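[1] quick one: sequence and predicted model below, then my questions.
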Amino acid sequence: MSDFLEHWANENPENAKLVAQELLITEVTEAIWEAMEHAGITKSELGTRMGATKRYVSQVLNGARNMTLRTLSDIFFALGRKPLLRVEAQPQQGAWQNCSTGRFAIGPAKLRYRSTGNVIYPMDHWPRRC
């Protein structure tokens with residue numbers, strides 16, 4: 001799967017853009033899950049703190065609802081956290097690097113993923129070098 005995705009992302013800028021979008025969504029969602037885990041807060045408790053329902057929180061975290069910057073701010077405020085934004089140079093086309101069998105990475109942060117069938121799952125909560 002990593003060879004396919006690497007090839008697909010490098011085929012054209014539109015594919016690379018879609019991969020970049022999915023990586024950002026994954027990073028943000030993982031950061032929220034990590035903060036919830038650290039605070040010992042469930043989706044129900046997060047919803048209560050936000051003045052929302054567990055269903056709403058679930059929809060935001062699983063991608064069924066668009067997560068706006070306001071929603072993101074509300075989530076981290078409810079978790080007692082301050083989100084920080086770091087902008088890095090975009091990886092050049094062809095910048096995909098294989099870490100090892102079944103894993104791939106992209107760009108400076110080198111997110112690690114594993115593939116199972118047609119789905120790609122993050123291996124770690126936070127980016128690491130391969």
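    Good, I have the coordinates. Numbering: from 1, shown residues only.

[2] and the lengthiest helix in the chain, what does it pack against?
    Longest helix of the chain, by residue count under DSSP state H: helix 13-39. Counting contacts by 3 or more C-beta pairs under 8 Å, 6 or more residues apart in numbering; DSSP states H and E, helix 13-39 packs against helix 2-11, helix 54-62, helix 69-78. (Each C-beta comes from the backbone N, C-alpha and C, glycine too.)

[3] what residues of that helix count as buried?
    16, 19, 23, 26, 27, 29, 30, 31, 32, 35, 36 (16 or more other C-beta atoms under 10 Å).

[4] and what of stretch 77-90?
    78, 79, 81.

[5] please apply the same query to stretch 56-69.
    By 16+ other C-beta under 10 Å, the buried positions in stretch 56-69 come out as 56, 57, 60, 61, 67.

[6] nearest to residue 40, of these?
    The nearest member of these to residue 40, counting by C-beta to C-beta, is residue 57 at 15.3 Å.

[7] contacting residues around that closest one?
    Remark: with contacts taken as C-beta atoms under 8 Å, 6 or more residues apart in numbering, residue 57 is in contact with 43, 44, 46, 47, 50, 75.

[8] how near is it to residue 69?
    Look at residue 57 and residue 69: by C-beta to C-beta, to the nearest Å, they are 17 Å apart.

[9] what does residue 86 give?
    15 Å.

[10] and the gap between residue 43 and residue 62?
    10 Å.

[11] one more: residue 53?
    From residue 53 over to residue 62 the distance is 14 Å, taken as C-beta to C-beta.

[12] for residue 68, same thing?
    16 Å.

[13] for residue 69, same thing?
    When distance is defined by C-beta to C-beta, residue 69 is 19 Å away from residue 62.

[14] before we move on, what about residue 34?
    In terms of C-beta to C-beta, residue 34 sits 16 Å off from residue 62.

[15] for the chain, which spans come out with low pLDDT?
    1-2, 5, 90-130 (pLDDT under 70).
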